[in-house]
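In: Give me the fold of what follows.
(one chain, ligands or ions: 1)
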Amino acid sequence: MADEARPAGVTATENAAGDMGEAQPVRARGLVKRYKEVVAVDHIDLNVRTGDVYGFLGPNGAGKTTTLRMALGLIMPTEGTVQLFGRDPIREGARALEGVAGFVEAPRFYPYLSARKNLELLAALDGGGGGRSSIGERIAEVLEIVELSPRAEHRVGGYSHGMRQRLGIAAALLRRPRLLILDEPATGLDPAGMRDMRALIRRLADEGITVLLSSHQLPEVQELCDRVAIVDRGRVVYEGALSDLRRQGGAGYRLRSTDDTRALEVLRAQAGIEHATNGEHGLSFQADEQHVGALSLALGAAGVGILALTPELATLEDLFFRLTEGNGAQGDNTTPGVGPATSIGTAAGGDGRPSEHPTQAAKRAGVQIG
Ligand code: ATP
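Out: Predicted coordinates:
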């Protein structure tokens, strides 16, 4: 369903990898947004490539919405540039938004009108194009895609939050976008609503739409996205493939034992065992296989029985905290992944600036800046 035609005037250009191909859906360089002394966005580079489901991830106040607003030409950057399919929305206005749709913050509708009527008004505002019958057909199609057809004649005021979010996506799809920009599409949804939203975004991506979505919902991003940018206090602390990030995060293990207190002592004394903690989900640590073998012998020698020893890749949540904690939210450096969520994204020096450069945070976490 993606619009195959390249908008007039969009030309081949050099992409992030240095290849010649169609212009990147989103390319931001050195984006800065300052509000007096607040630096909301601090030299952000983004590279969303065709076919990406790209997660723009960060804690509250990290600068996600501000960046998306600049990307959509809604506010002026203080510095830097952003291009959508090679076009600058600040300089070229609506023309740069051909093939692009989405919403920043919650989508808004007339509550006393039906979903269908709201979509008709939006289609008319957008120039209609294609005559009444084709508009009607497209509206029916997008309502079907977001599974709202049975409720199409109901007033939006009676819709649940999840239905309104889905209607927001329907509205975006009216333009047959090749790039969908969604600001926190699953925030505030219950688990079933989140699952439906994930499934919807997945279907749209499978149909060829490039998706840029912001989120602080780690499981959502982990399940949906192939590439991510993680932002913290206005700066990108990681950009690249999610799989690379998780691989570089190191192999983690969980341990259930007959005596967790004693086992933790053994873990902490054992060579090659890192980040040993006894947390909410039991004992966990990082190590390579060779050291895990030696650990099992050491546990046996210490009289600790192993009930279960299971390898697991670091979750995005683990990595997120490792990358974003530390700037004033440090606590115990030996226990990554347990920093309180409320302390990240807000803790900083008195001037509102982080005390550690993100590159250092990324290095500490064992990952590279993309
Ligand atoms: P959330 O996940 O809570 O939506 P966010 O990552 O989208 O957060 P932004 O809304 O972009 O973060 O805000 C980044 C910073 O910029 C915050 O400190 C915010 O208070 C500040 N900010 C954003 N818009 C304005 C504005 N119009 N005037 C002043 N400060 C602003």
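In: Which positions within stretch 87-95 qualify as buried?
Out: Arg87, Pro89, Ile90, Glu92 (16 or more other CB atoms under 10 Å). Every C-beta, even on glycine, is put in place using the N, C-alpha and C of the backbone.
In: again but with stretch 75-82, I slipped
Out: Using 16+ other CB under 10 Å as the test for burial, stretch 75-82 gives Ile75, Pro77, Gly80, Val82.
In: quick one, strands of the stretch 201-350 of the chain?
Out: Ranges of strands in the stretch 201-350 of the chain, per DSSP state E, counting those that start in this stretch, are 210-215, 227-232, 235-241, 251-257, 274-279, 282-286, 306-313.
In: mind checking which helix or strand of this protein has the lowest mean pLDDT?
Out: helix 358-364 (a mean of 37; mean pLDDT, DSSP states H and E).
In: Spit out the contact partners of the residue most central in space within the chain.
Out: The centre of the chain sits closest to Gly55, judged by CA atoms, centre = their mean, with a distance of 2.6 Å. Gly55 is in contact with Leu213, Ser214, Ser215, Val221, Leu224, Cys225, Arg227, Val228, Ala229, Leu242, counting by CB atoms under 8 Å, 6 or more residues apart in numbering.
In: quick one: low-confidence parts of the stretch 1-150 of the chain?
Out: Residues of the stretch 1-150 of the chain meeting the criterion pLDDT under 70: 1-21, 127-133.
In: sorry, back to before: output the strands of the stretch 201-350 of the chain as CSV; include the columns mean neighbour count and distance to the ligand.
Out: Formatted as CSV, the strands of the stretch 201-350 of the chain follow (neighbours: other CB atoms under 10 Å; distance: least, CB to the nearest ligand atom, whole Å):
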stretch, mean neighbour count, distance to the ligand
strand 210-215, 25, 7
strand 227-232, 26, 7
strand 235-241, 22, 12
strand 251-257, 18, 27
strand 274-279, 18, 25
strand 282-286, 20, 28
strand 306-313, 12, 26
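In: can I get those strands in TSV with mean pLDDT?
Out: Output for the strands of the stretch 201-350 of the chain, formatted as TSV (pLDDT from 0 to 100):
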stretch	mean pLDDT
strand 210-215	93
strand 227-232	92
strand 235-241	91
strand 251-257	87
strand 274-279	88
strand 282-286	89
strand 306-313	86
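In: mind checking which of these is nearest Ile135?
Out: strand 210-215 (24.4 Å; CB to CB).
In: How about the residues of the chain by the ligand?
Out: Within the chain, the residues that sit near the ligand (CB under 6 Å from any ligand atom) are Tyr35, Val38, Ala40, Gly58, Asn60, Gly61, Ala62, Gly63, Lys64, Thr65, Thr66, His216.
In: Let me see the ranges of the helices in the stretch 1-150 of the chain.
Out: All helices of the stretch 1-150 of the chain, identified by DSSP state H, counting those that start in this stretch, fall at 64-71, 89-92, 115-125, 131-145.
In: Just name the most buried of those.
Out: helix 64-71 (a mean of 25; mean count of other CB atoms under 10 Å).
In: distance between that one and the chain's centre?
Out: How far helix 64-71 lies from its chain's middle: 13 Å, per CA atoms, centre = their mean, to the nearest Å.
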